[in-house]
Structure formats: structure tokens, C-alpha cells
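>>> below are the sequence and a predicted model; questions follow.
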Amino acid sequence: MLFSMKSTVKVSLYRNNRRQVSGVRSQVSGKPDTGDLKPDTCSMKPNENHPLAGTRILVGRARHQAGSLSASLRSLGASVIEIPFIEIRKPQSYRPLDKALKNIRSYDWLILTSANGVEAMWERIRKLRLTRRTLKHLEIAAIGPATKKAIVKHGLKVKMVPEEYVAESVVKGLRDKVNGKRVVLIRAKIARDVIPDELQAAGAQVDVIEAYQTVVPEKSRARLRALMKNATRRPHIVVFTSSSTAKNFAELLGNSKAGSLSAGLLKHVQFASIGPVTSATLRELHMPVAIEAREFTMGGLIRAIVLARYAETSL
């Protein structure tokens with residue numbers, strides 16, 4: 001077991017003041033954003049204030065995004081290692097995005113699926129000398145709280161955030177609202193086609209626009225391999241915040257299926273996933289999911305890691 005210390009544990013965690021989990025005594029395996037990053041109340045031994053003390057956690061988010069997640073984990077006592085599994089780059093051409101923004105008044109709905117997409121879009125809005133007033137007529141959907149926060153920061157209102165922060169839930173929330181409407185979906189170059197396919201089937205005209213692309217950061221390859229080969233520094237937990245981070249982790253280790261690598265590299269390593277889509281990708285790569293967030297946000301992921309620690313220490 002990753003955590004071998006014994007203790008009695010009583011945990012009460014509140015998600016958005018609605019859901020409560022208590023008396024957890026088994027491994028948490030599962031609902032991307034932030035919320036309360038620490039338990040609201042807990043009573044446990046041996047370390048109430050730093051439940052992740054002694055735990056090495058590898059964070060593979062893009063370099064500019066890793067800070068808040070790493071800081072939250074460190075505040076809970078974890079030893080955090082940052083090696084990006086993903087790099088955000090500009091699209092090969094801004095022409096499609098610029099064209100869509102210049103003609104934004106012809107659209108009824110705008111869908112954004114990441115904070116990266118919001119910032120990439122806003123960079124072009126500034127470049128084209130457009131104003132937020134140009135977008136005021138739009139109904140806007142955001143895939144989750146972090147994306148909504150990025151949109152609101154620029155002075156726009158978000159009409160819809162789904163109950164669960166995945167593409168399928170976006171479709172569920174919009175299916176009966178888009179018949180005969182024009183929809184622009186601004187996203188990464190490579191992404192699942194659930195939203196455009198399903199909304200088109202519901203009668204919408206959907207334009208999919210690339211705002212950025214994600215690539216494997218070659219500079220991370222040697223660092224990651226050296227880390228995983230070092231038994232004294234190897235992480236106890238590797239955190240995955242998207243399917244892209246999972247695929248790139250396997251690629252950086254030199255194999256399309258990480259599970260087929262030397263068992264020694266991944267010995268005693270647990271994989272923590274932000275949600276079911278990322279978990280499915282990990283399993284396709286033969287990487288067993290030990291921890292899955294029940295709330296598909298950064299806060300939910302941290303919460304799941306802490307609960308897994310509590311569960312281990314209570315055995």
C-alpha cells in the first residue's frame with residue numbers, strides 16, 4: 001500500500017455545501033476547476049494539518065497552469081514534482097478564428113471548453129480591436145467553473161454550465177436549445193467530437209474553430225525518464241488532468257502504452273484522474289486508475305487524493 005500508517009479516521013467533506021462524504025474506509029475511486037481544497041472538517045491521526053505529508057506527487061500540467069494545483073498540494077504536505085506532460089502552442093493559422101470572430105454577430109451560441117480557449121480567443125479579440133460588446137448578444141456555454149471564471153473575467157455572462165464538466169453534459173444542457181441556431185465551438189486542435197456531432201444531430205449549425213494546439217514537450221522526456229528510473233525520487237502518485245496529459249505521459253516514457261513499459265518504472269506508482277474521460281484514456285493505455293475525482297475539477301481531484309490517503313491510513 002502507498003500509505004501504510006494506521007489510524008482511525010472520520011472525514012466530512014462538503015462539495016459546494018451540498019454533498020458530504022464521511023467515515024471513508026476504502027480506496028476512493030471516484031465527479032476540470034477549484035473549490036475547497038482542504039477537508040472542511042476532519043479528525044485523524046497522525047497528521048491533521050498535512051494529510052499528504054511524505055507523499056511525492058508528480059504534476060504534469062502545462063507549465064503556466066501547474067502553479068495553483070502544486071501550491072494546493074504542497075499546502076497539504078505533499079512533495080510536488082513538476083514536469084509538464086503538455087505544452088500549449090498557437091494554432092498553425094489564426095485565419096479561421098479571426099474569421100469567426102469578425103463574423104461573431106452571425107452566431108447565436110458560443111461554447112468554450114477550457115480556460116486556454118478563452119484566453120486564446122481573447123488574445124485575438126484584442127488583436128482584431130474588437131470589444132466585448134461585439135459578443136454581448138451571444139448565449140455562452142462553459143464546460144466548467146474554471147472556464148466560466150475565465151469568461152466572466154472578461155466581462156461576459158455565461159448562460160450555461162453543465163452539471164458535470166464533460167462534453168456529454170454540455171450536450172445534455174444544450175440539445176433542446178440549439179435547433180436552427182448557429183453555434184461556434186472554440187477549442188483545441190485535437191478534441192473529442194461529441195459536442196459538434198450531437199448538436200448538429202439536434203438541428204444546430206456548428207462551426208468548430210481551433211484556438212490553440214497541445215503538443216508533447218520534448219524537454220520533459222529526459223527528466224521524466226530519469227525521475228521514473230530513480231526509486232528514491234519516483235512519485236507515489238501521478239496526477240492527470242486531461243486525456244492529453246495521459247497520452248503524452250505514455251509518449252514521453254517512450255511507448256504508446258505506458259503499461260507495457262518495464263514494470264520497474266511504474267512500480268508502486270498510483271495514477272490519479274480528474275474524471276471518467278481521462279480515466280478511460282488511462283485504461284486504454286494500460287495504466288490502472290487508483291484515484292478518480294467525483295467532481296471533475298482541480299479541487300475535486302485534490303479532494304479525492306486526500307480521501308484516498310485517509311482510506312489507506314484507516315486500514
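Sure thing, it's come through. Residues are numbered from 1 along each chain as shown.
>>> can you read off the pLDDT for His50?
On the pLDDT scale, His50 is placed at 88.
>>> residues near Gln92, how many?
9 (other CB atoms under 10 Å). Every C-beta, even on glycine, is put in place using the N, C-alpha and C of the backbone.
>>> tell me if His80 really is in a strand.
For the record, residue 80 is Val, not His. Yes. Checked against DSSP: H, G, I helix; E, B strand; the rest coil, Val80 lies within a strand.
>>> pretty sure it contacts Ser70?
Yes. Between Val80 and Ser70 there is a contact at 4.5 Å, judged by CB atoms under 8 Å.
>>> now do the shared contacts for these two.
Residues touching both Val80 and Ser70 (CB atoms under 8 Å, 6 or more residues apart in numbering): Val59.
>>> quick one, domains of the chain?
9-86+217-314, 89-213 (automatic domain parsing).
>>> rank those by pLDDT, which is bottom?
Among those, domain 9-86+217-314 scores lowest, at a mean of 75.
>>> which strand in the protein runs the most residues?
strand 205-215 (DSSP state E).
>>> what's that strand packed up against?
strand 87-89, helix 95-102, helix 115-127, strand 182-188, helix 194-201 (3 or more CB pairs under 8 Å, 6 or more residues apart in numbering; DSSP states H and E).
>>> that one pairs with which strands?
Paired strands of strand 205-215, with direction, are strand 87-89 (antiparallel), strand 182-188 (parallel) (DSSP bridges).
>>> which strands or helices does the helix or strand that comes right after that strand pack on?
Where DSSP states H and E defines the elements, the next helix or strand beyond strand 205-215 is helix 220-229. Taking 3+ CB pairs under 8 Å, 6+ apart as the contact definition, the neighbouring helices and strands of helix 220-229 are helix 243-252.
>>> show me how far the helix it packs on is from its chain's centre.
13 Å (CA atoms, centre = their mean, to the nearest Å).
>>> okay, how far is it across stretch 161-171, tip to tip?
11 Å (CA to CA, to the nearest Å).
>>> what are the buried residues along it?
Buried residues in stretch 161-171, counted by 16 or more other CB atoms under 10 Å: 161-162, 164-167, 169-171.
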